[in-house]
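A.B. asks: Have a look; sequence and predicted model below, questions after that.
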Amino acid sequence: MKDPRLEQLAYNLVNYSVCVQPGENILINVKGETPDLVAALVREIYKAKGNPFVQLVNPAISRELAMQCNEEQLAVMAEHEVKLMEKMDGYIGIRAGSNINEMADVPGEKLGMYSRLYELPVMNVRVPHTKWVVLRYPNPSMAQLANMSTAAFEEFYFQVCNLDYAKMDKAMDSLVELMNRTDQVRIVGPGTDLTFSIKDIPAVKCAGLRNIPDGEVYTAPVRDSVNGTITHNAPTPYHGFVFENVQLTFENGKIVKATANDTKRINEILDTDEGARYIGEFAIGVNPYIRNPMKDILFDEKIDGSFHFTPGQCYDEAYNGNKSSVHWDMVSIQRPEWGGGEIWFDGVLIRKDGLFVIPELECLNPEQLKG
């Protein structure tokens, strides 16, 4: 029997997120196993008169490839993938691996090479040139990370992913307009006092067109404007290792000090290239159903009452000139049970302890987005 929640998700992905048109080529890239969802997506793409293509990737095999990869091999792999991506009009990426730590023991230099020479060239075609959306898919591993039973997590997952994103999209307009008028941002919280400018860098709303689940508005700081210290209170996975107690100190945009539960490892990542020590994204999370971190960034970066600050590559839509093979979303939660915190725009308090406090933004508070 077909699960109506799954069928609704497939319909939303094809007709809202990617908005498939007749004759378009749509690549379904699957990391892990999700045969029911893939089949539902294929059916929906055909209904929209598009052409579905399916690419199945086994994360354990990706690990084996990365362990001893070399530059020549990765160049050939990237050339093949880029040529395929150039023929696509849309991309639906499903992440359903059973172990988020699959790449944890890949040597740092190999992992950096794999990301820089293989993953980044493909992403540089996919992101600007296709209609794309990426999502996780529920499995027992994800339920375990969320400290929930598999059945309870599935219920949570479909509630979050089948949210009324059109309503969220409209509610975000006021925050986008305010961010586009803002110069100076200050963020204050436990272990955090950070200032930067977002002047003349566009704000972009994310309401189900690029990620599922979704719920953030992002921009980027002026590259050299970041000063102060930030302490992240949410765990932050990166390529199979979960960093905790991350604290970054900035001088004129650059991370000059970084500490964590593995200080050596975090600094190796930040030394991948010059851009990895500068920030490529600043975003505010507003999804009312996502309340606590589950060590999965597609969920965690949308946590209600959160923001994230991202060392590495910026997005073309909010371009600040920073280039890197790293794009690492680090999340802080500002609700009272997480220590609280404040966000100020040009000297005006706009969010306190995770709730928006000025009238034009109250439509983004959880009770409004749920209703």
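C.D. replies: Now that the structure is in, tell me what you want to look at. Quick caveat, the model's predicted, so the values are computed rather than measured. Numbers count the residues shown, from 1 in each chain.

A.B. asks: Please, where are all the strands along the stretch 151-300 of the chain?
C.D. replies: 184-189, 192-197, 204-206, 211-212, 216-219, 227-231, 236-238, 241-243, 247-251, 254-259, 279-285 (DSSP state E, counting those that start in this stretch).

A.B. asks: I would like the residues contacting the last one, please.
C.D. replies: Applying CB atoms under 8 Å, 6 or more residues apart in numbering, the set of residues contacting strand 279-285 from outside is 175, 185, 196, 198, 206, 215-221, 223, 226, 250, 253, 301-315, 318, 320, 322, 324, 327, 329, 331, 343, 351. C-beta: built from backbone N, CA, C; applies to glycine.

A.B. asks: residue ranges with poor pLDDT in this protein?
C.D. replies: Within the chain, the segments meeting pLDDT under 70 span 1, 371.

A.B. asks: still on that earlier bit, among the contacts of strand 279-285, name the ones in helices.
C.D. replies: Counting by DSSP state H, the members of the contacts of strand 279-285 that fall within helices are residue 175.

A.B. asks: Show the buried residues in the contacts of strand 279-285.
C.D. replies: Among those, those classed as buried by 16 or more other CB atoms under 10 Å are 175, 185, 196, 198, 206, 215-221, 223, 226, 250, 253, 301-315, 318, 320, 322, 324, 327, 329, 331, 343, 351.

A.B. asks: Quick check: residue 370 vs residue 118, distance?
C.D. replies: 41 Å (CB to CB, to the nearest Å).

A.B. asks: more neighbours, those two?
C.D. replies: Ranked by neighbour count (other CB atoms under 10 Å), residue 370 and residue 118 place residue 118 first, with 23 against 13.

A.B. asks: so what does the helix ranked longest in the chain touch, helix or strand wise?
C.D. replies: Criterion DSSP H: the longest helix present in the chain is helix 71-86. Other elements packing on helix 71-86 under the criterion 3 or more CB pairs under 8 Å, 6 or more residues apart in numbering; DSSP states H and E are helix 108-114, helix 120-129.

A.B. asks: which of those helices is buried the deepest?
C.D. replies: helix 108-114 (a mean of 19; mean count of other CB atoms under 10 Å).

A.B. asks: And the contacts of that helix?
C.D. replies: Outside helix 108-114, the residues that reach it (CB under 8 Å, 6+ apart) are 65-69, 71, 74, 103, 106, 239, 265, 268-269, 272, 325.

A.B. asks: Likewise for stretch 80-90?
C.D. replies: Residues from elsewhere that reach stretch 80-90 (CB under 8 Å, 6+ apart): 18, 20-21, 24-27, 50, 53, 55, 91, 118, 121-122, 125-126, 129-132.

A.B. asks: For that stretch, could you pull out the residues that count as buried?
C.D. replies: Neighbour-count burial for stretch 80-90 [16+ other CB under 10 Å]: 81, 84-85, 88-90.

A.B. asks: from the residues you listed, which is closest to residue 7?
C.D. replies: Closest approach to residue 7 among the buried residues of stretch 80-90 (CB to CB): residue 90, at 19.2 Å.

A.B. asks: so what's the closest one bridging to?
C.D. replies: As for beta bridges, residue 90 partners with residue 26, residue 131 under DSSP bridges.

A.B. asks: residues in contact with the spatially most central residue of the chain?
C.D. replies: Nearest to the mean C-alpha position of the chain, by CA atoms, centre = their mean, lies residue 298 at 4.8 Å. With contacts defined as CB under 8 Å, 6+ apart, the neighbours of residue 298 are 95, 134-136, 211-213.

A.B. asks: do that again at 7 Å, thanks
C.D. replies: 134-136, 211, 213 (CB atoms under 7 Å, 6 or more residues apart in numbering).

A.B. asks: Check the spacing between it and residue 100 real quick.
C.D. replies: According to CB to CB, residue 298 stands 11 Å off from residue 100.

A.B. asks: How about residue 275?
C.D. replies: Using CB to CB, residue 275 is found at 25 Å from residue 100.

A.B. asks: same question, residue 87
C.D. replies: Residue 87 is 31 Å from residue 100, where distance means CB to CB.

A.B. asks: just to revisit the earlier point, just the ones of the contacts of residue 298 in helices?
C.D. replies: Among the contacts of residue 298, no member falls in helices (DSSP H).

A.B. asks: Tell me the one of the residues you listed nearest residue 230?
C.D. replies: residue 211 (22.8 Å).

A.B. asks: For burial, what's the neighbour tally of the closest one?
C.D. replies: Neighbourhood size, residue 211 [other CB under 10 Å]: 23.

A.B. asks: ok, now residue 35?
C.D. replies: 9.

A.B. asks: now do residue 348
C.D. replies: Residues near residue 348, counting by other CB under 10 Å: 11.
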